[in-house]
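> Attaching a predicted model along with its sequence, questions to come.
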Amino acid sequence: AIVGYGDIGRATAKLAKAYGMNVKALRRNPEKSQNDSICDTVYSNDKKSLHLIMSESDYILCAAPLTPETKGMFDKEAFASAKKNAVFINVGRGPIVQESALIDALKNGTLKGAALDVVATEPLPEDSELWELPNVLISPHNMDMTETFTQEATEFFIEENLPRFLRQVLLLNAADKVAGY
């Protein structure tokens with residue numbers, strides 16, 4: 001399952017599909033994925049759909065932006081609905097997850113494990129229980145720091161958005177102030 005089927009979610013879906021996985025996505029505007037050849041099933045961004053997609057999925061990737069609607073969406077109820085032995089991965093934003101609920105799900109065996117590139121408080125406090133759990137992988141919020149990231153971002157700006165700006169054409173990847181991302 002991919003919660004947050006934007007650029008990062010879709011890039012992850014391509015990799016999952018290459019490995020033969022059934023790709024399910026939850027997104028704010030599911031109609032944008034109607035003819036998506038990568039996504040097998042798309043759900044709308046509501047609590048019922050979140051619980052359903054979690055109950056059906058072995059791996060749950062959170063790549064959602066932090067908005068008032070997504071803050072704390074992965075709560076005790078969400079984790080309780082997860083498929084037994086599911087793995088939770090967060091590359092989105094830390095505050096989307098209620099960490100106490102995640103810790104409980106990891107400790108009581110609801111979740112098999114978690115991989116966290118982001119946490120609610122960064123850096124993760126030294127006294128966080130997450131450090132001690134054997135079924136948690138923590139990375140330092142650097143999933144986008146590849147060898148070519150800076151070069152690609154610079155090229156995108158110079159070759160795509162700067163010319164668009166100068167021509168007064170709609171920019172690519174512009175932030176939507178109403179949506180919050």
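Structure's in. What do you need?

> make it CA atoms for all contacts and neighbour counts henceforth
OK.

> need the strands for this structure, in chain order.
Listed in chain order, the strands found in the chain under DSSP state E are 2-3, 24-27, 41-44, 59-62, 86-90, 111-116, 136-138.

> remind me, longest helix of the chain?
Secondary structure of the chain per DSSP state H: the longest helix is helix 7-18.

> From the contact counts, what lies against that helix?
Applying 3 or more Cα pairs under 8 Å, 6 or more residues apart in numbering; DSSP states H and E, one finds that helix 7-18 makes contact with strand 2-3.

> mind running it again at 10 Å?
Counting contacts by 3 or more Cα pairs under 10 Å, 6 or more residues apart in numbering; DSSP states H and E, helix 7-18 is packed against strand 2-3, strand 24-27, strand 59-62.

> what about those strands, which gets the closest to V87?
Closest of those to V87 is strand 59-62, at 4.8 Å (criterion: Cα to Cα).

> send the alpha carbons of the closest one over as CSV?
What follows is strand 59-62, C-alpha atoms only, in CSV (Å, rounded to 0.1, in the frame of the first residue of the first chain):
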residue,chain,number,x,y,z
TYR,A,59,3.9,-3.3,3.2
ILE,A,60,2.6,0.1,4.0
LEU,A,61,4.5,3.1,2.6
CYS,A,62,3.7,6.5,3.9
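
> Note down every partner strand of it and its orientation.
Strand pairing for strand 59-62, using DSSP bridges, gives strand 2-3 (parallel), strand 86-90 (parallel).

> With mean neighbour count, mean pLDDT and distance to V169 as extra columns, can I get these in CSV?
Output for the strands paired with strand 59-62, formatted as CSV (neighbours: other Cα atoms under 10 Å; pLDDT from 0 to 100; distance: least, Cα to Cα, whole Å):
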stretch, mean neighbour count, mean pLDDT, distance to V169
strand 2-3, 26, 98, 31
strand 86-90, 22, 98, 34
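
> I'd like those strands laid out as a markdown table, including distance to S55.
Listed next are the strands paired with strand 59-62 as a markdown table, based on distance: least, Cα to Cα, whole Å:
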| stretch | distance to S55 |
| --- | --- |
| strand 2-3 | 13 |
| strand 86-90 | 9 |
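
> So for P30, which of those strands sits nearest?
For the strands paired with strand 59-62, the distance to P30 is smallest for strand 2-3, at 11.4 Å, taking Cα to Cα.
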